[in-house]
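A.B. asks: build me a structure from this.
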Amino acid sequence: MLKKERHSFIMKQINLHNKVLSSDLSQLLNVSEDTVRRDLNELAEAEKLLKVHGGALSKSFHFPFHQNEVYAQDAKREVALKAISLIKEGMVVLTGGGTTMIELAKLIPTDLEATFFTISPLVALELAEHAKLTVILIGGQLSKNAQINIGASVVNDLSEIKVDLCFLGANGIDTKEGITDSDWEVVQVKKAMLKSSAKVVILSIAEKLNSVQKMKVCSLNQVTHFITELSPNHPNLIAFNEFNIQIL
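C.D. replies: Below you'll find the predicted structure:
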């Protein structure tokens, strides 16, 4: 594979999953980790990503927030608009982090009164712009990679709340493997979020369909709603109709 093709592949992976590991890219590209590191360094020098130890992060996902560099922003906004239709007056809502969740926070109607718990400082800041929302940030160790709070204190706090809706992003989503992620600490927090929620809503752009990460968050039978930018009857979603999930 030529360097230009490798760079294109790397950017595709980082745009979809917000972060990449050098070791994973080495296997996917069938090249040495030294080659991957050189590729990541070149892309970082071109200001296309942020190089970190062991891999790289998406610039659109990392603080400070690069609004003009959000990947598939129109699709994420469409997902967010559909998600808002589920929020009713007086609800207690829990959200994860990520750029789709930030779009959701921006688009909430200004007259809505509800309580929002979130593990994401960036989402909390966007929610705080809405005067009638009560916003509670669940604190803990900040994951510099995922930009959410993680750790035992977060998991413990989540065990003590019960919410009507949980909005959760998916790093990987597949009919066989369910919802997956690449970070063990993040997976533990997401599992705790599921346990505290009456309804679980997965938000994902369609490009992530049929993608799998190394660690399992949950099976699809633990999900109540699934939202992409596609129409619910789109051919790419047919396989998901086998599960008891409401597709928006």
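
A.B. asks: C-alpha only now, for contacts and for neighbours.
C.D. replies: Will do.

A.B. asks: let me see the mean pLDDT of stretch 54-65.
C.D. replies: Stretch 54-65 shows a mean pLDDT of 71 in the predicted model.

A.B. asks: stretch 238-248 too?
C.D. replies: The average pLDDT within stretch 238-248 is 92.

A.B. asks: residues near A124, how many?
C.D. replies: Other residues lying near A124 total 21 when counted by other Cα atoms under 10 Å.

A.B. asks: residues in contact with the spatially most central residue of the chain?
C.D. replies: What sits nearest the mean C-alpha location of the chain, by Cα atoms, centre = their mean, is G169, with 3.4 Å. With contact taken as Cα atoms under 8 Å, 6 or more residues apart in numbering, G169 is in contact with 96-98, 100-101, 202-204.

A.B. asks: pull the distance from the helix of greatest length in the chain to the chain's centre.
C.D. replies: Across the chain, the longest stretch assigned as helix under DSSP state H is helix 3-17. On the basis of Cα atoms, centre = their mean, to the nearest Å, helix 3-17 sits 18 Å off its chain's mean C-alpha point.

A.B. asks: other SSEs contacting the next helix-or-strand element following it?
C.D. replies: Next along the chain after helix 3-17, taking DSSP states H and E as the criterion, comes strand 19-21. With contacts taken as 3 or more Cα pairs under 8 Å, 6 or more residues apart in numbering; DSSP states H and E, strand 19-21 sits against helix 3-17, strand 55-57.

A.B. asks: make JSON lines out of those and add mean neighbour count.
C.D. replies: Below are the helices and strands packed on strand 19-21 laid out as JSON lines (neighbours: other Cα atoms under 10 Å):
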{"stretch": "helix 3-17", "mean neighbour count": "16"}
{"stretch": "strand 55-57", "mean neighbour count": "22"}
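
A.B. asks: make TSV from the ones you listed and add distance to P235 to it.
C.D. replies: Output for those, formatted as TSV (distance: least, Cα to Cα, whole Å):
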stretch	distance to P235
helix 3-17	21
strand 55-57	32
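
A.B. asks: thanks again, I'm all set now.
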